[in-house]
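Asks: Build me a structure from this.
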Amino acid sequence: MFYVGFTIFAAENLTLSTPTAMKNTSTLRCLALAAALATFAAPMAIAAPRAIEIQAPADNQTPAEQAAIAEDYYYGRNGRPQDYAECVRWATLAANRKNAQAQYRLGVCYYKGQGVTQDNGAAAAWLEKAAAQKHDEALNLLGLFYENGYGVKQNLKKAASYYKKAAKKGNTLGQYNLANCYYTGRGVKRDYGQAASWFRKAAEQGFARAQCSLGNCYEQGRGVPQSDNEAALWYKKSAEQNYARALYYLARCYEQGRGVEQSQDKALELYRRAAAAGVKEAQDRLNELSAAG
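Replies: Residues are numbered from 1 along each chain as shown. The predicted structure follows:
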């Protein structure tokens, strides 16, 4: 408005020296006003904000593409920052279009309170939808929900059933969790043979906890023939991934010379590593050895 006001003021104070000019006052004022408007428009054009590319869902995006964007925001990859709220926004778009991965991701976000208020009920609802489409991670996580009563009524049989469905699809955690069900008799009849078999499947996929558990089975002869050599072998595989319990069990093997050549130095090293990782039994054993001199 400064530009308009200044120009009109100048026009109104022109010194008109002829009658003809006087008669054209109205015309001059119109011309001045037009010039003022042009002057006003110019700075507005200069000040106009630069166009910003806003990432909004496009009509032609598939649910799979929307789900992929949600995963990018969840993990902070492919040039997108880690942003759980954006992950939830994109996952919701895809989940409402029945994309199983997006439904699973929403379940995880509600379970962990990432980008949304933590809500086990909502988490379970989305996991059920993904599990109905046989999404292996959703099947396993839903098993955990039923085992612990997260957002659903606790049901150990249902938990074991979901773990089995995930395990049969090759899901490592599902195999491990199902093995634990058979080992402890939670939701299924106790069966050490089945436990060892499922521990092995997960262990062969490199899962450290399963490797350690399979070592336990061999050490105790549960579900498999007792074998110190096999026990030490699987403890080693797990310990190589710094799994704390495996470090402790392998230390015992070296101390006693079971399945490996006896080595007090190696045992002490492993006990220390296990103790540093929080294994109380390892610290207790170190204290005993220290007291014994």
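Asks: Whichever strand or helix holds Ser213 packs against which elements?
Replies: Assigned by DSSP states H and E, Ser213 belongs to helix 208-220. Judged by 3 or more Cβ pairs under 8 Å, 6 or more residues apart in numbering; DSSP states H and E, the packing partners of helix 208-220 are helix 172-184, helix 192-203, helix 228-239, helix 244-256. Every C-beta, even on glycine, is put in place using the N, C-alpha and C of the backbone.
Asks: in the second one, what's buried?
Replies: Right, the one you point to is helix 192-203. 192, 194-203 (16 or more other Cβ atoms under 10 Å).
Asks: that older thread, give me the distance from the helix holding Ser213 to the chain's centre.
Replies: Mean-position distance between helix 208-220 and its chain equals 28 Å (Cα atoms, centre = their mean, to the nearest Å).
Asks: Can I get it in CSV? Just the C-alpha atoms.
Replies: What follows is helix 208-220, C-alpha atoms only, in CSV (Å, rounded to 0.1, in the frame of the first residue of the first chain):
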residue,chain,number,x,y,z
ALA,A,208,22.0,-66.4,18.2
ARG,A,209,19.4,-67.1,20.9
ALA,A,210,18.3,-70.2,19.0
GLN,A,211,21.9,-71.4,18.6
CYS,A,212,22.4,-71.1,22.4
SER,A,213,19.2,-72.9,23.1
LEU,A,214,20.1,-75.7,20.7
GLY,A,215,23.4,-75.9,22.5
ASN,A,216,21.4,-76.4,25.8
CYS,A,217,19.5,-79.2,24.2
TYR,A,218,22.7,-81.0,23.2
GLU,A,219,24.3,-80.4,26.6
GLN,A,220,21.3,-81.8,28.5
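Asks: just the angle between it and helix 228-239, please?
Replies: Relative orientation of helix 208-220 versus helix 228-239 (axes from the mean of the first three to the mean of the last three Cα atoms, to 10 degrees): 160 degrees.
Asks: Contacts for helix 208-220 next, please.
Replies: 172, 175-176, 179-180, 183, 192, 195-196, 199-203, 222-228, 230-235, 237-238, 241-243, 245-246, 249 (Cβ atoms under 8 Å, 6 or more residues apart in numbering).
Asks: What residues sit buried inside that helix?
Replies: The neighbour-count check on helix 208-220 (16+ other Cβ under 10 Å) flags 208-219 as buried.
Asks: residues touching the nearest residue to Glu269 once chain neighbours are set aside, list them.
Replies: Excluding the flanking residues, the one nearest Glu269 by Cβ to Cβ, 6 or more residues apart in numbering is Ala251, at 7.9 Å. The contact partners of Ala251, by Cβ under 8 Å, 6+ apart, come to 266-271, 274, 282, 285.
Asks: Per-residue pLDDT of Ala251, please?
Replies: pLDDT recorded at Ala251 is 98.
Asks: Next, find the distance separating it from Gln241.
Replies: 16 Å (Cβ to Cβ, to the nearest Å).
Asks: Also Val224?
Replies: 21 Å.
Asks: Looking at those two, which is more packed in?
Replies: Using other Cβ atoms under 10 Å as the criterion, Val224 and Gln241 rank with Val224 on top: 20 against 14.
Asks: what's near enough to touch the closest residue to that one other than its chain neighbours?
Replies: Residue nearest to Val224 in three dimensions, not counting chain neighbours: Ala196, with 4.8 Å by Cβ to Cβ, 6+ apart. Contact analysis of Ala196 by Cβ under 8 Å, 6+ apart lists 179, 214, 217, 222-224.
Asks: name the element Arg105 belongs to?
Replies: helix 100-112.
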